[in-house]
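A.B. asks: Okay, sequence plus prediction incoming.
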Amino acid sequence: MEELILELKEQIIKSLNLEELTPDDIDSKAPLFGAGGLGLDSIDVLELIVLLEKRYGIRLTSAAESKDIFTSVESIAKYVSENRKK
Amino acid sequence: MTNSIAITGSGIICAIGNNKQQVQEALQSGTTGIGEMRYLPSCHKELPVGEVKMSDAELRQALGVSSTEVFSRTALLGAYALSQTMDDARLNPDSLRGKRVTLISGTTVGGTEASEQYSCGNNTKTIARLVGIDCQLSTISTACSSALNAIILGARMLLNDETDIVLAGGTEALSVFHLNGFNSLMILDHEVCKPFDATRQGLNLGEGSAYVVLERTNEAHLRKCNIEAYITGWGNRCDAYHQTASSENGEGAFLAMTDALQMANLSPKDIDYINAHGTGTPNNDKSESTALKRVFGENMPPISSTKSFTGHTTSASGSIETVICLIAMNKHFVPENYGWENITQDCIIPAKYTAGKELHHILCNSFGFGGNDSSLIITDTEFAQCSTPKGARAKCENEVTMVVSAESELTQEDELKELRQYISPMESRRMCKLMKAAFLTSMRAMETANITKPDAIIIATQYGMLENGKKILDDIDQQGEESVSPTLFMQTTHNTLAGSLAIHLGCHGYNITYSQGEDSLQWAMRDAQRLINEGKAKTVLVGLHDMLPPTFKDFLESQGDKVLFDLYSKSIIVKSL
């Protein structure tokens, strides 16, 4: 799981263009969205959906149902490890 | 000198018909043109689209053009519609001689192909060439409001005595590029769209082209032509909220409609029908409904969206829907909002098909990505007052003096890190190099001119957002259609820069993007002068921004174009004296 979490952090930094951040800067349990979080927005949700499809073969069909999956890096890692096709 | 603007001809080609007669029949019989993809070579056969029912070969044949020269589908559709429009107005290349003629076309997809050297302006040039006319050209690229803005510009140029005959409208073909782009934003419906319906899931893309001929009324009378209607009001505003979503209170739409009513000297209850933008997305329909309720309140006229007939024809939608309004006005019917069934508190309740209805004043809405919101009012011959639209200045002796108050130019990529002084990393993380450059020179110019927010933003760009466009094309090439990044796609339309600047500055004023090759900046500066003359702005942010990734540079050079720069950004603040 640790390996997947690190991999996800690197992927997130890359696809969301978080140029100023390194994986160490992202707390696996911290909220990604909203106040007190990393400050991501609705476009970032769409990018994460593309990331999950491209990298792990997981197809999500609506942005709304994805909200819970993307609460934190840890929640994404859990979902990916249970549903990945690649 | 007072004068009104007459519409003396029109033409259309779209999913429900290749001419006005066919379009009328489809609207009146309730037959949609949206269905399974037949011509577009995309793997997404599950996405319903509104295709024109002619292949490129059939369009070429109809136009009598050689089968060996390559033409973009966007140019073929444009030429087909324009040719029909000129016939309708009883104009031909000979009858245009000796008159000042201007062709103004709105497009985004036109200009994404090698056949047009990636320039929107070339798409318009090609259309003029195919139709056989030699005239002044302008191309507007403000995403889904492009064609409506083209018509508005035409009206203003006529009132300002800059031209005698205007051919205005737009053209857009379906493309694998933008189908996948919209898909990545998850706003496409997998069924035929249902604007304003509680169960709506999104839009269906469509394609087509439509143009209108505009002339000053007294000259139209001299030419003894048939006047279909008059243009009596318009509004061009910016929502300044988000690149691809509309604000909750529909501010840009509200302002555009309000401006149009004021200019036409009408109150909300005078409007007999509204052709809504009504794309079928949860966001647009809710936002537009909110704006409509703010403007019309208790006096809600019949409203419908015709996008469930034609699909969302993006840059051409403003003129396609204006021509649909002309058909409705002249044949006395209210088009239905095809497919609507379920009421929702979120949205207006659209009208049903109604025959035998006199429509004296019609309002047409066109809202684009980047918050470019425009509205147009057309009035029938019986009700037109034949006076100059209020607040649209007729040409007068003394122009308002416009001065350049500050200028900032940039050509070196390594300067872009200076943007830090103005924009935080979280905000600039999505910006491509061109956007960073545009922001940097804009901020610097505003600082020098000592303004925090201009009244209007007018941007010129020859090639638009090539860096992003190229990345998407490469991704599709290498990884297939599923790989399109929404962040990239939402920043590929030419008006991305103008929209982003407006969002950052909170500027709801006039907002437009010109893309006419080397003449782009000239068109932008002329428009700033015109706007200041009209009393609509005291300060305008004007810019010319272009970036050429290496492969484009090589390509253009191979075509014989002289390429002078890799990156160029110039921002100018002009003020009225």
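C.D. replies: That came through fine. Residues are numbered from 1 along each chain as shown, chains lettered A, B, ... in the order given.

A.B. asks: Wait, residue B:82 touches residue B:131, no?
C.D. replies: Yes. In this structure, residue B:82 is within contact of residue B:131 by CB atoms under 8 Å, at 5.1 Å. (C-beta placed from N, C-alpha, C; glycine too.)

A.B. asks: who's more crowded, the two?
C.D. replies: The neighbour comparison of residue B:82 against residue B:131 (other CB atoms under 10 Å in any protein chain shown) goes to residue B:82, with 27 against 22.

A.B. asks: For the more buried one, give its distance to chain A.
C.D. replies: With the distance defined as CB to the nearest CB, to the nearest Å, residue B:82 ends up 37 Å from chain A.

A.B. asks: which element follows the helix or strand encompassing that residue toward the C-terminus?
C.D. replies: Using DSSP states H and E, residue B:82 sits within helix B:73-88. Sequence order places strand B:101-106 as the next helix or strand after helix B:73-88, per DSSP H and E.

A.B. asks: contact partners of that next one?
C.D. replies: With contact meaning CB atoms under 8 Å, 6 or more residues apart in numbering or on different chains, strand B:101-106 is reached by B:78, B:82, B:123-124, B:127-128, B:133, B:135-142, B:145-151, B:153-154, B:157, B:162-171, B:211, B:315-316, B:318-319.

A.B. asks: how about the CA coordinates for that strand, as CSV?
C.D. replies: Provided in CSV are the C-alpha atoms of strand B:101-106 (Å, rounded to 0.1, in the frame of the first residue of the first chain):
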residue,chain,number,x,y,z
VAL,B,101,-18.2,44.6,-47.9
THR,B,102,-17.2,42.8,-44.7
LEU,B,103,-17.4,39.1,-44.0
ILE,B,104,-17.4,38.4,-40.2
SER,B,105,-17.2,34.7,-39.3
GLY,B,106,-17.2,33.0,-35.9
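
A.B. asks: Could you tell me which of the contacts of strand B:101-106 belong to strands?
C.D. replies: In strands, judged by DSSP state E, the following of the contacts of strand B:101-106 are found: B:136-140, B:165-171, B:211.

A.B. asks: can you pick the most crowded of those residues?
C.D. replies: Per-residue neighbour counts (other CB under 10 Å) across the ones in strands among the contacts of strand B:101-106 peak at residue B:170, which has 40 neighbours.

A.B. asks: That one touches residue B:107, doesn't it?
C.D. replies: Yes. Contact between residue B:170 and residue B:107 holds when scored by CB under 8 Å: they sit 5.8 Å apart.

A.B. asks: In space, what's closest to the residue most central in space within chain B - neighbours in sequence excluded?
C.D. replies: Closest to where the C-alpha atoms of chain B average out (CA atoms, centre = their mean) is residue B:146, at 0.9 Å. In space, and not counting its chain neighbours, residue B:146 is closest to residue B:106: 2.7 Å by CB to CB, 6 or more residues apart in numbering or on different chains.

A.B. asks: so who does the residue of the stretch 101-250 of chain B found nearest chain A touch?
C.D. replies: Distances between the stretch 101-250 of chain B and chain A by CB to the nearest CB are smallest at residue B:186, namely 5.5 Å. Applying CB under 8 Å, 6+ apart to residue B:186 gives the contacts A:46, A:49, A:62-63, B:202.

A.B. asks: again with residue B:123
C.D. replies: Neighbouring residues of residue B:123 by CB under 8 Å, 6+ apart: B:72, B:74-75, B:78, B:105, B:107, B:110-111, B:116, B:139, B:171.

A.B. asks: In space, what's closest to residue B:113 - neighbours in sequence excluded?
C.D. replies: Nearest non-adjacent residue to residue B:113, counting by CB to CB, 6+ apart: residue B:72, 4.7 Å away.

A.B. asks: cool, and residue B:167?
C.D. replies: The shortest distance from residue B:167 to any non-neighbouring residue, by CB to CB, 6+ apart, is to residue B:103 (4.7 Å).

A.B. asks: How many residues are close by that neighbour?
C.D. replies: When neighbours are defined as other CB under 10 Å, residue B:103 has 26 of them.

A.B. asks: and it, what are its bridge partners?
C.D. replies: Note on residue B:103: beta-bridge partners by DSSP bridges are residue B:137, residue B:167.

A.B. asks: Surely residue B:320 and residue B:10 touch.
C.D. replies: No. Taking CB under 8 Å as the definition, residue B:320 is not a contact partner of residue B:10, at 10.4 Å.

A.B. asks: Among these two, which residue is more densely surrounded?
C.D. replies: residue B:320 (36 against 26).

A.B. asks: mind listing what the closest residue to the more buried one other than its chain neighbours touches?
C.D. replies: Sequence neighbours aside, residue B:210 is the residue nearest to residue B:320 in space, at 4.4 Å (criterion: CB to CB, 6+ apart). Neighbouring residues of residue B:210 by CB under 8 Å, 6+ apart: B:10-14, B:81, B:85, B:147, B:169-170, B:316, B:319-320, B:322-323.

A.B. asks: one more time with 10 Å
C.D. replies: Residue B:210 sits next to B:10-14, B:20, B:23, B:77-78, B:81-82, B:84-85, B:147, B:151, B:168-171, B:313, B:316-324, B:326 when contact means CB atoms under 10 Å, 6 or more residues apart in numbering or on different chains.

A.B. asks: do the same with residue B:43
C.D. replies: By CB under 10 Å, 6+ apart, the contact set of residue B:43 is B:37, B:176, B:180, B:480-482.

A.B. asks: repeat for residue A:15
C.D. replies: Here residue A:15 is in contact with A:44, A:47-48, A:50-51, A:54-55, B:485, B:487 (CB under 10 Å, 6+ apart).

A.B. asks: need these in CSV with distance to residue B:423 and neighbour count, can you?
C.D. replies: Listed next are the contacts of residue A:15 as CSV, based on distance: CB to CB, whole Å; neighbours: other CB atoms under 10 Å in any protein chain shown:
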residue, distance to residue B:423, neighbour count
A:44, 18, 23
A:47, 20, 20
A:48, 24, 23
A:50, 25, 18
A:51, 25, 20
A:54, 29, 18
A:55, 30, 15
B:485, 21, 21
B:487, 17, 22
